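Asks: Output the structure for:
(2 chains)
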Number of protein chains: 2
Amino acid sequence: MKRMNKVLILGAGRSSSALINYLLREGEVHNWTIAVADRDISAASSAVGESVTGMALELDINDPVERRKTIGSADIVVSLLPAFFHNIVASDCLELNKHLITASYVSSEMHDLAEKARSKGLVFMGEMGLDPGIDHMSAMEKIDEIKESGGTIHSFRSYTGGLVAPESDDNPWHYKFTWNPRNVVLAGMGTAQYLKEGRYKYIPYHRLFSRKKEVEIQGLGKYEMYPNRDSLLYRYAYKIEDIPTIVRGTLRHLGFCEAWDVFVKLGLTDDSYPIVNSEHLTYKELVESYLREEDQENSLFDRIASFTGLHPDSDALKKIEWTGLFSNEKIDLPNATPAQILEKLLLEKWKLQPHDKDMIIMQHEFVYTLNGKKEELVSTMTLKGENANNTAMSKLVGLPVAIFVSLMLKGVDFRTDETRPVIREVYQPVLRELEKHGVVFQEKIRELV
Amino acid sequence: MKRMNKVLILGAGRSSSALINYLLREGEVHNWTIAVADRDISAASSAVGESVTGMALELDINDPVERRKTIGSADIVVSLLPAFFHNIVASDCLELNKHLITASYVSSEMHDLAEKARSKGLVFMGEMGLDPGIDHMSAMEKIDEIKESGGTIHSFRSYTGGLVAPESDDNPWHYKFTWNPRNVVLAGMGTAQYLKEGRYKYIPYHRLFSRKKEVEIQGLGKYEMYPNRDSLLYRYAYKIEDIPTIVRGTLRHLGFCEAWDVFVKLGLTDDSYPIVNSEHLTYKELVESYLREEDQENSLFDRIASFTGLHPDSDALKKIEWTGLFSNEKIDLPNATPAQILEKLLLEKWKLQPHDKDMIIMQHEFVYTLNGKKEELVSTMTLKGENANNTAMSKLVGLPVAIFVSLMLKGVDFRTDETRPVIREVYQPVLRELEKHGVVFQEKIRELV
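Replies: Below is the predicted model:
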C-alpha cells in the first residue's frame, strides 16, 4: 500500500470531536493533513481549531463537482454523514480510488460497493464505531480466544446502553439523549429476532418493551434489556453459525421500558403518517385522539391508567406525566408525525445539561465448554463522559475510526475480505490502542455446574 | 366521442365472470367484440365460452410488443390485473389513445396518468367495483340529494363486509374467503384515521381489532365493524370537506375481531420478514416462537390464554384452536412470512365450498339537518351469491365496470374531471342499471330528537 498522509473527514457534527481531535494530535506528530468538510464552515473551523495540521472546508455534499474534487484530494475518506449519503460517497471513493471508513451499519448496497473496492485494492470498512464497532471487536476477540483454546460456545449475549451517569441522573426516566434523538424514538421498530437454546424467537415491536428482561451488569447492579432487531445476522458475521443461543440487546435503567411501552401502545412512536393540524393541537389533544372517545368525563391521566392497565400511582405513569404529554401545551410543529412530536416533547426534557456526564455500558456474556468444563465468561466495559460536549458516546463512536485511520496512515495494511472489524488483524491493534484511552473490559470467569 | 365496439378485458380470473358475462350478453345484441386476454389461454377460453361475440387471447402482460398490439386493437380496455400492472397498462392506453376502466384504487401515479388522458379526451375511470365503487356511487347519490334539498350533513358512516350467507355459515368464525385471501390476512395494516365530532381519531394496527364497535344492520341485526385506514381522504372525494364525523369501516360477524386480534397481537399477520426454517416447523412451534420461553410446562392453549388474557373457555380461543394453529402439523412452506403461513393455514379452513353462498352487506348512515329537523338516513344493500363460482362479490365488483363500459359503447360520453365514480353523470345510470340486477338499497329515515 502506498504511503498516505491526507485524511478527509466528511461531517463536523457534535459527535465528531473525539475522532477529529485524535487525528489532529497524531497528525501534528506525523505530518498528516486532516481536512474537515462540512456544509457549515464554522462547524468545520471550530472542529479544527488552532491545529496546524487541520484544514476546514465548506462542502455541500449534494454538489457532485465539489464533492468529487474534495474527495479526490484525499487518501482516506471518513464519512460521518447521515447513512443515506454513504452510497454516493462510496461510489466516488470507488471511482477515485480512495479508502473509505464509516461508523455506520453496512447496508447491502455498501456491501456490494465494498466488494468492488476490494478488487481495486481499497479498504472500505464500516461499523467501526461503538455499536456497531467496539461490540464486534471485543466480542470477536473473546470468540476467537475460546475457539482457539478448543472451547465450544453455547451461548452469546451482548448488551449495550448509552445512558446517563449516576451523578447526572436527575429525572424519573433515568435517561437523557446522548445520541440522535430521532433514533432513540424509533429504536426497536421492526421485529426482534434471536435464538434461545436452538429455538428462533420473534417479538413484534408492539410487544417489545413489555418483553424486557432484567440483567445484572458487573459492578453496577440490575438494568433492563430489550432485544435488538437483528441478532440472528451476527451468527454469520461472527462465524458462530451453529450457536444455540444468541441475543444482542439494548440496556436501559430499570423501569424505562414499562413507561416507554405506553408511548408504543398509544402509537406515538409511529413515523409513517402526519397528524392532521398538528401545529394547532396540544399534547393532551394528541393523546385523546388515540383513545376511545367514550369516557371523556374521566381525566386523561385516569383514562391512560385504564388504557394501559397501569396503577395510577405507578412509576411508569409518573414518568409519562413528567414528560408533559398530558399538558395543554401546544405542539407547535406543522405536519408532524407522531414520532416527530414525541421527539420534540422529549428533546428539552431529556437534554444533557452542560456539566452532565453520560455513561456507556457494554457487556458480553459467553457460555462455553472448555476442557470438559462448562464456564461462563462475563466481559464488561463502562465509560463515563466528561460533560455534554465530551461524551463517552462521541469518544467511543469516534476513537475506533480515528485509531483505524491512524494505523492505516502509519502503514498498516488493512486490506481484507471483511467490511466489518471482525478479524484479529483489525480488532487487535484497535482494541489495544483503545485500552490506552480507558476503554477496558473487565472479565470474570466462573464455572457452571 | 367516436362510436366504439371493441372491448379488451385483461385478466380472466375467478372474479371476472359476472363482468365478462354481462358484456358478452350485451355484445351479442349490439354487435360488439369482447376480447378476453389472459396469460392462461384456457382461462380466457372458458370465460368466453360459446359466445359468438367473445374472443379469447393468450397474452403475457410483460411482453411489451404483444401487450401494445393487443391494447392497440381495442377501443376500451378493462384491467382486472393485479394493481401493480395498472400503471404500465395505463401508459400504453395513454400512448395508444384507449379508454381505461378498472375496479382498483386510484394510485397517485394513476391519478397523474388520468390527468394526461383527460387532456387527450380519454376516459380513465378507476374504483368502479364494489368497495371501492358501489360505495362511492350509492353514498354520493344520497349526499347530493341531501345537499340539493338544502340539508347540512353532520355525520357519514359507511360499512361494507364481504361475508358468508347465514345458510352457508358453518364454522365458528362465521367467515369464509370470498376474495383475495392475502388481502384478508393483511387487512387494516397501517393506522386507521377517521373523524368523530370534529376530532381526529387514530388507531394503530396493533389495537385495531380490539377497538371494533357493534353496529346494527337493517334487517340483519348486530355485526361488528373496525374502521378502515383511509376515512379522512373521502371528505375531499365526496366534497364534504367540513363534515365533523366520517368513518368508513369493514363489517364482520360478532366475535370475529376478538379472535383475529390474537393473530395480530402474536405477530402472525406480519408480512415483512421470513420465518427461518419455516418449511420444517409445525404451526405449534411457530406460535411458541412468539411467546416467552419461560413457562413451557403449560400447554400452548393455556399459554395463549394467559398471553391474551382471554378465558380458556372463550369463543375467541375456540376459534383460534379450530384453525389448527396449535397443532403439530408441518407448515411445509419454505421461506414464508408469518402472514403467508397464516394465509396457508386459513385457506382450507375458510374455503367457500361449491354450493356455499356469500353475502355482501353495505350500509350508509347519514345524520343531517333538513328544514330545521335533524334526521338520520340509513341506506342498506345486501346481496347473496348463488354458489362458490357465482359469488355476490364477483357480481358486485364486476357489474359496475361492465355497465359503465356498456354505456360508453352505447354512446354515453363519460368524459369528466373525476377518476372515481363520484358525479351524478356517472353514478346515476350505473346505479339504475345495477338495480335491475338486484342491487337495491333499502332506506329508512327517522327524526332525531
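
Asks: Residue numbers of the stretch 101-250 of chain A in contact with chain B?
Replies: A:190-191, A:193, A:196-197, A:199-204, A:206-207, A:211, A:232 (C-beta under 8 Å from any C-beta of the partner chain). Every C-beta, even on glycine, is put in place using the N, C-alpha and C of the backbone.

Asks: List the contacts of stretch A:436-449.
Replies: With contact meaning C-beta atoms under 8 Å, 6 or more residues apart in numbering or on different chains, stretch A:436-449 is reached by A:134, A:138, A:218-219, A:362, A:364, A:367, A:373-381, A:383, A:395-396, A:399, A:431.

Asks: Show me what counts as buried in it.
Replies: A:V439, A:F441 (16 or more other C-beta atoms under 10 Å in any protein chain shown).

Asks: Could you find the closest non-adjacent residue to the residue in the stretch 251-400 of chain A that chain B sits nearest to?
Replies: Nearest residue of the stretch 251-400 of chain A to chain B, counting by C-beta to the nearest C-beta: A:G267, 3.6 Å away. Of all residues beyond its chain neighbours, the one nearest A:G267 is B:P204 (3.6 Å), with distances taken as C-beta to C-beta, 6 or more residues apart in numbering or on different chains.

Asks: Could you do A:F366 as well?
Replies: With sequence-adjacent residues excluded and distances taken as C-beta to C-beta, 6+ apart, A:F366 is closest to A:L377, at 4.5 Å.

Asks: same question, A:G49
Replies: Going by C-beta to C-beta, 6+ apart, A:G49 has A:L24 as its nearest residue, at 7.6 Å.

Asks: shouldn't that neighbour be in contact with A:M55?
Replies: No: between A:L24 and A:M55 there is no contact under C-beta atoms under 8 Å: 10.3 Å.

Asks: List the buried residues for whichever helix in chain A runs longest?
Replies: The single longest helix within chain A, with elements called by DSSP state H, is helix A:392-409. By 16+ other C-beta under 10 Å, the buried positions in helix A:392-409 come out as A:392-409.

Asks: Pull the number of nearby residues for A:K284.
Replies: Using other C-beta atoms under 10 Å in any protein chain shown, A:K284 is surrounded by 16 other residues.

Asks: tell me which element it is part of?
Replies: Using DSSP states H and E, A:K284 falls within helix A:283-288.

Asks: In the stretch 251-400 of chain A, what residue spans correspond to strands?
Replies: Using DSSP state E, counting those that start in this stretch, the strands of the stretch 251-400 of chain A run over A:358-370, A:373-384.

Asks: Domains of chain A: list them as residue ranges, please.
Replies: Here the domain parsing of chain A from automatic domain parsing is A:6-126, A:274-336.

Asks: other SSEs contacting the helix or strand containing A:K201?
Replies: In the assignment (DSSP H and E), A:K201 maps to strand A:199-204. The contact analysis (3 or more C-beta pairs under 8 Å, 6 or more residues apart in numbering or on different chains; DSSP states H and E) places strand A:199-204 against strand A:191-196.

Asks: Quick one: list the elements packing against the strand it packs on.
Replies: Strand A:191-196 sits against strand A:199-204, helix A:205-208, strand A:221-227, strand A:245-252, with contacts defined as 3+ C-beta pairs under 8 Å, 6+ apart.

Asks: Which residues belonging to stretch A:12-21 are considered buried?
Replies: Quick answer for stretch A:12-21 (16+ other C-beta under 10 Å): A:A12, A:S15, A:S16, A:S17, A:A18, A:L19, A:I20, A:N21.

Asks: same deal with stretch A:335-350?
Replies: Those would be A:A336, A:T337, A:P338, A:A339, A:Q340, A:I341, A:L342, A:E343, A:K344, A:L345, A:L346, A:W350, for stretch A:335-350 by 16+ other C-beta under 10 Å.

Asks: what's in contact with that stretch?
Replies: A:171, A:173, A:175-177, A:181-182, A:184-186, A:263, A:267-275, A:278-279, A:283, A:286, A:322-325, A:331, A:333, B:202.

Asks: got the end-to-end distance for stretch A:129-136?
Replies: One end of stretch A:129-136 sits 10 Å from the other (C-alpha to C-alpha, to the nearest Å).

Asks: And the average pLDDT for that stretch is what?
Replies: Mean pLDDT, stretch A:129-136: 96.

Asks: Stretch A:209-225 too?
Replies: Computed over stretch A:209-225, the average pLDDT equals 97.

Asks: CA atoms only: put that stretch into PDB for me.
Replies: Provided in PDB are the C-alpha atoms of stretch A:209-225 (Å, rounded to 0.1, in the frame of the first residue of the first chain):
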ATOM      1  CA  PHE A 209     -40.900  -3.100  25.600                       C
ATOM      2  CA  SER A 210     -43.200  -5.400  27.600                       C
ATOM      3  CA  ARG A 211     -40.800  -8.300  26.900                       C
ATOM      4  CA  LYS A 212     -37.800  -6.600  28.500                       C
ATOM      5  CA  LYS A 213     -35.600  -8.700  30.900                       C
ATOM      6  CA  GLU A 214     -33.600  -7.800  33.900                       C
ATOM      7  CA  VAL A 215     -29.900  -8.300  33.600                       C
ATOM      8  CA  GLU A 216     -27.100  -7.900  36.100                       C
ATOM      9  CA  ILE A 217     -24.200  -5.700  35.000                       C
ATOM     10  CA  GLN A 218     -20.900  -6.400  36.700                       C
ATOM     11  CA  GLY A 219     -20.100  -3.700  39.300                       C
ATOM     12  CA  LEU A 220     -23.300  -1.700  38.600                       C
ATOM     13  CA  GLY A 221     -26.300  -3.900  39.500                       C
ATOM     14  CA  LYS A 222     -29.500  -4.500  37.700                       C
ATOM     15  CA  TYR A 223     -30.600  -3.000  34.400                       C
ATOM     16  CA  GLU A 224     -33.200  -3.900  31.900                       C
ATOM     17  CA  MET A 225     -32.700  -5.100  28.400                       C
END
